[in-house]
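Trainee: The sequence isn't on hand, but the structure is:
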C-alpha cells in the first residue's frame with residue numbers, strides 16, 4: 001500500500017518537474033527570440049538616424065543627436081571613434097556590418113557608424129530589462145507543487161483506505177474467517193473491484209460450507225451400510241447353510257447398490273459448483289419449455305391420480321437461460337409436488353416488470369414457516385418417510401436453489417392461497 005502511494009506521488013511530482021523544465025526552456029527560447037527581434041528593430045532605427053545625420057555638419061552633429069534622443073525618448077549619444085578601444089576583430093565586424101552590439105556589467109548598447117562622419121559613432125543604450133524577482137518565482141513554484149501534492153493526497157487517501165480494507169479482508173479470509181466482506185461505499189474509486197471481491201468471498205464461503213456438509217453427511221450416512229456389509233460378511237462366513245449364505249450376499253448387494261446411489265448423488269452435488277461456471281444460456285421460449293415439462297409429467301400425474309394444470313402468459317416470453325438446468329430445477333419442484341399433493345398440482349407463469357415468475361403449487365399439507373429456508377440446504381429431509389434407503393437424499397431442493405442462483409434469481413416457499421399447500425416461487429430476470 002505504501003509503495004503504491006509513494007510511487008503515485010513520485011510519478012506526479014516527476015511529471016510536474018519535467019513539464020516545468022520543458023516549459024522553462026520554451027519560455028527562455030521565446031524570450032531570446034523576442035530580444036533578438038528588439039535588437040534588429042533598434043539597429044533599423046539607428047540606420048534611419050544615420051541617414052538623417054548624413055546631411056548634418058560636424059558642429060551640429062551632437063546637437064542634432066540630442067534632439068533625436070529627446071524626440072524618440074531614447075538614450076542616444078555621439079562618441080568619437082578614437083575614444084572607443086575595441087579589439088581588432090570587433091573593429092572589423094563594426095566596419096563590415098556598420099553596427100555592433102556590446103554589453104557591460106551594467107547595460108547593453110549598440111555602436112553604429114555614421115557614413116558621412118567616420119570619425120564619430122552613434123551609441124544607443126538599450127532599455128534596461130525589468131529585474132526578475134527570483135524569490136517570487138520560488139514562492140509561486142513552491143505553492144504550485146505543495147498545492148498539487150495536497151490535492152493528490154486528498155485524492156489518494158480514499159483509494160488507499162479502500163485498498164487497505166480490501167487487503168485486510170483478504171488476509172482475514174486467508175486465516176479462515178470466510179464471512180468477512182468489504183463494506184461497499186458509493187464514493188469508492190474501486191467499487192466494481194469490491195463488489196467482485198465480495199461475490200468471490202461469498203462463493204468461497206458457500207463452496208466450503210457445502211463441502212463441509214457433504215463430508216459430514218457422507219461420513220454419517222455411510223456408516224450404516226458399512227456396518228450392514230460387515231455384519232453380512234461375518235454372517236455369510238459363519239453360516240454353513242447355502243440358502244442363508246445366498247440371502248446374506250443378496251442383502252450385501254442391496255447395500256452396495258444403495259451406497260453406490262448415495263455416493264453418486266453426493267458427488268453430483270459436489271460437482272455442481274464447477275458446472276455452474278460452464279452454463280450455456282441461450283434465448284429460450286418459455287412456453288415451449290413448459291409444454292415439454294407438461295408432456296413429461298402428465299403420465300406421472302395420472303399414476304398418482306393428480307390433476308395437473310398449467311397456466312401460461314398470453315404473450316410469448318423469451319428468456320436467456322440454460323434450458324437443461326432450468327428444466328432440471330422445475331423437474332425437481334414438480335416431482336416433490338406430485339409426491340406431496342393430495343389431488344392437484346398447478347404450474348403457472350407470469351411476467352412482472354423485468355422478471356419472470358414461475359409458481360409450483362400443490363394441495364398437500366404445506367411446509368412450516370420456520371422450515372422455509374432450511375429445506376433449500378443440502379441433505380435436509382422434512383419427511384422421515386422419504387429415507388435414503390428409498391433413494392431420497394435431500395438434494396432436490398438444494399439443486400433447485402443452486403440452479404436459480406446461477407441465473408441471478410431467487411426461490412422461496414410460502415403457503416398457497418389457492419390450493420392451500422406449498423407454493424414454490426421462482427423469480428429470474430427477463431433477458432429478451
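Mentor: Thanks, I have it. Bear in mind that the values here come from a model prediction, so they are computed numbers and not experimental data.
Trainee: residues contacting residue 356?
Mentor: By CB atoms under 8 Å, 6 or more residues apart in numbering, residue 356 lies in contact with 286, 317, 319, 349, 350, 427, 428, 429, 430. To be clear about C-beta, it is placed using only N, CA and C from the backbone, and glycine gets the same treatment.
Trainee: could you redo the last one with a cut-off of 7 Å?
Mentor: With contact set as CB atoms under 7 Å, 6 or more residues apart in numbering, residue 356 has these partners: 286, 317, 319, 349, 428, 430.
Trainee: How about the contacts made by the second one?
Mentor: What it means is residue 317. By CB under 7 Å, 6+ apart, residue 317 lies in contact with 286, 287, 351, 356.
Trainee: Could you measure from residue 175 over to residue 168?
Mentor: 11 Å (CB to CB, to the nearest Å).
Trainee: count of residues packed around residue 118?
Mentor: Neighbour count of residue 118, defined by other CB atoms under 10 Å: 10.
Trainee: Mind checking what secondary structure it has?
Mentor: When classified by DSSP: H, G, I helix; E, B strand; the rest coil, residue 118 comes out as coil.
Trainee: could you measure it against residue 198, distance?
Mentor: 94 Å.
Trainee: What of residue 285?
Mentor: Remark: distance between residue 285 and residue 198 (CB to CB) = 35 Å.
Trainee: Tell me which of the two has more neighbours.
Mentor: Neighbour count, other CB under 10 Å: between residue 285 and residue 198, residue 198 has more, with 17 against 13.
Trainee: Tell me the confidence at the closest residue to that one other than its chain neighbours?
Mentor: With sequence-adjacent residues excluded and distances taken as CB to CB, 6 or more residues apart in numbering, residue 198 is closest to residue 181, at 4.9 Å. Note on residue 181: pLDDT of 90.
Trainee: Can I take it that residue 181 is in a helix?
Mentor: No. With three-state DSSP as the criterion, residue 181 is located in coil rather than a helix.
Trainee: In contact with it, which residues?
Mentor: Going by CB under 7 Å, 6+ apart, residue 181 touches 169, 198, 201.
Trainee: Give me the below-cutoff pLDDT ranges for the stretch 251-400 of the chain.
Mentor: Where the stretch 251-400 of the chain drops to pLDDT under 70, the residues are 265-278, 378-394.
Trainee: what about the helices in the protein?
Mentor: With helices called from DSSP state H, the chain shows them at 2-53, 58-72, 88-97, 134-174, 191-221, 223-238, 242-270, 272-275, 286-303, 323-340, 396-406.
Trainee: quick one: contacts of stretch 69-80?
Mentor: 61, 62, 65, 68, 119, 120, 121, 122, 123, 124, 125.
Trainee: Give the ChimeraX command for selecting the buried subset of these.
Mentor: To isolate in ChimeraX the members of the contacts of stretch 69-80 that are buried, counting by 16 or more other CB atoms under 10 Å, one can use:
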select :61,65,68,120,121,122,123,124,125
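Trainee: Find the pair from the contacts of stretch 69-80 with maximum spatial separation.
Mentor: 119 and 125 (20.9 Å; CB to CB).
Trainee: okay but residue 316 is in contact with residue 284, surely?
Mentor: No. Under the criterion of CB atoms under 7 Å, residue 316 is not in contact with residue 284, lying 11.3 Å apart.
Trainee: Compare the two (neighbour count), which wins?
Mentor: More neighbours surround residue 284 than the other of residue 316 and residue 284, with 17 against 11 (other CB under 10 Å).
Trainee: Return the distance of the more buried one relative to residue 403.
Mentor: 14 Å.
Trainee: next one: residue 119
Mentor: 112 Å.
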